[in-house]
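**Student:** this is the structure alone, sequence omitted:
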């Protein structure tokens, strides 16, 4: 062997003293080749508590909602100004006031709500009644301190409605069941499942553009006119407070 | 004094009918349809008080129910007929005051009133002829009559007991016809 026992011991010592460096450089090479395996993972692990959390997401969502609300307000103002120019019926949030539901019969022979304010509060027959989501009925009679609402589902309830996508009018008839029937005035309704039903934008009896429901199924071959089944947005079984339209004359 | 007490019991329980109809407790419904409280009150009262009182109180109940409902149809004639009929039955025999008879009578009465309402809806044109036999009316009719018939043995016998307690007190000196 070259060297002898002393030299061998010296070489060994040299390697033993420098192995951390070698190990470090080797592992850095590996990291370099693999474009950061390990290093980025460690970084991710350490910084995980400082990642943008759900709270930050909520701020962003709130910001977005605020922006949408502002846009909606602007559009509503714009819409009202245009409607005024065309002298159409206008409606805004200020035209509605909240009333408690004091008696509720959403099934059975009579499908009606009794509300906790009446003539004294300025409610009149024919006011539109909104639940969360959309129109649920029309005020049918008032006493000095209560008012009675005929639900859209009640047999005998009839209102003119509008399918926005096809720009066609129809008649929404209460059938007693949970889903009223939309009878189209044209033979060719062109409506499809999922179309939104609302009050007519040119309506004079009801506030314009109130959402009512979604078309759930269509019977296109029915005589004398095709009809559809409408699922209402608002469910009267579970509503404690409603919005009633203020009518002035 | 006793007459006053009977009158107050009858009056209070009768006022309960439109109130319960308005409250319409949601936990006491069969598939969303509540019992017919008017029949649950009218049956024991007509059995107890006779045909004339039955007819009049049926008419009065009908008027008050018409006042609190939407008003496309009226209850009054049907409840009056039921009151008259039950009054005659009550005069004839005490057997009709048994639990099973109460259940059966109220079941028949509920079906009668429901059919009457439904007929009026059809004649009014409120329910279109296309849906003459629509599911909704039969659903309501069946649910209401079954629930009324089931509750009658409990509530009607309780009310009958109340009425009789004040009727047969020792110092009572008025007859059934004086009511």
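**Tutor:** Received the coordinates, thanks. Since this is a predicted model, take the numbers as computed values, not measurements.
**Student:** quick one: buried residues of stretch A:170-180?
**Tutor:** A:170, A:171, A:172, A:173, A:174, A:175, A:176, A:177, A:178, A:179, A:180 (16 or more other CB atoms under 10 Å in any protein chain shown). Glycine gets a C-beta too; all of them are placed from N, C-alpha and C.
**Student:** what about the strands in chain B?
**Tutor:** Along chain B, counting by DSSP state E, no stretch forms strands.
**Student:** ok, now which ones touch the most centrally placed residue in it?
**Tutor:** Of all residues in chain B, the one closest to the mean position by CA atoms, centre = their mean is residue B:39, 1.5 Å from it. Listed by CB atoms under 8 Å, 6 or more residues apart in numbering or on different chains, the contact partners of residue B:39 are B:79, B:82, B:106, B:109, B:110, B:113, B:148, B:152.
**Student:** thought the third one was touching residue B:152?
**Tutor:** Yes - Residue B:106 lies in contact with residue B:152 (CB atoms under 8 Å); the separation is 3.7 Å.
**Student:** how about the residues of chain B near chain A?
**Tutor:** Applying CB under 8 Å from any CB of the partner chain, we find that chain B lies next to chain A at B:22-24, B:26, B:29, B:31-34, B:68-73, B:114, B:117, B:121, B:124, B:126-128, B:131, B:134-137, B:140, B:144.
**Student:** of those, buried ones?
**Tutor:** Buried subset of the residues of chain B next to chain A (neighbour count, 16+ other CB under 10 Å): B:22, B:24, B:29, B:33-34, B:68-70, B:72-73, B:114, B:117, B:121, B:126-127, B:131, B:134, B:136-137, B:140, B:144.
**Student:** related to what we said a few turns ago, would you mind measuring from the residue nearest to the centre of chain B to residue B:105?
**Tutor:** From residue B:39 across to residue B:105, the span is 9 Å (CB to CB, to the nearest Å).
**Student:** shared neighbours of the two, anything?
**Tutor:** The contact sets of residue B:39 and residue B:105 overlap at residue B:152 (CB under 8 Å, 6+ apart).
**Student:** biggest helix in chain B, by residue count?
**Tutor:** Counting residues, the longest helix found in chain B (DSSP state H) is helix B:135-167.
**Student:** same for that one, what does it pack against?
**Tutor:** helix B:2-23, helix B:37-49, helix B:99-124 (3 or more CB pairs under 8 Å, 6 or more residues apart in numbering or on different chains; DSSP states H and E).
**Student:** ranking those helices by mean pLDDT, which is last?
**Tutor:** Lowest mean pLDDT within those: helix B:2-23, a mean of 79.
**Student:** which strands and helices sit next to that helix?
**Tutor:** Packing partners of helix B:2-23 (3+ CB pairs under 8 Å, 6+ apart): strand A:96-105, helix B:37-49, helix B:51-68, helix B:135-167.
**Student:** buried sites along it?
**Tutor:** Judged by neighbour count using 16+ other CB under 10 Å, the buried positions of helix B:2-23 are B:6, B:10, B:13, B:14, B:17, B:18, B:20, B:21, B:22.
**Student:** residues contacting the fifth one?
**Tutor:** Residue B:17 is in contact with B:37, B:38, B:40, B:41, B:61, B:64, B:65, counting by CB under 8 Å, 6+ apart.
**Student:** pick out the most distant pair among those residues.
**Tutor:** Distance extremes for these: the farthest pair is B:40 and B:64 at 14.7 Å, using CB to CB.
**Student:** who's more crowded, the two?
**Tutor:** Legend: neighbour count by other CB atoms under 10 Å in any protein chain shown for residue B:40 and residue B:64, higher for residue B:40 (26 against 18).
**Student:** go ahead and confirm the more buried one touches residue B:107.
**Tutor:** No - if you go by CB under 8 Å, residue B:40 and residue B:107 don't touch, sitting 11.3 Å apart.
**Student:** so what touches the helix or strand residue A:170 falls within?
**Tutor:** Take DSSP states H and E as the rule and residue A:170 turns out to sit in strand A:168-173. Residues from elsewhere that reach strand A:168-173, judged by CB under 8 Å, 6+ apart: A:152, A:157-163, A:180-186, A:189-191, A:197, A:200, A:212, A:228, A:230, B:128.
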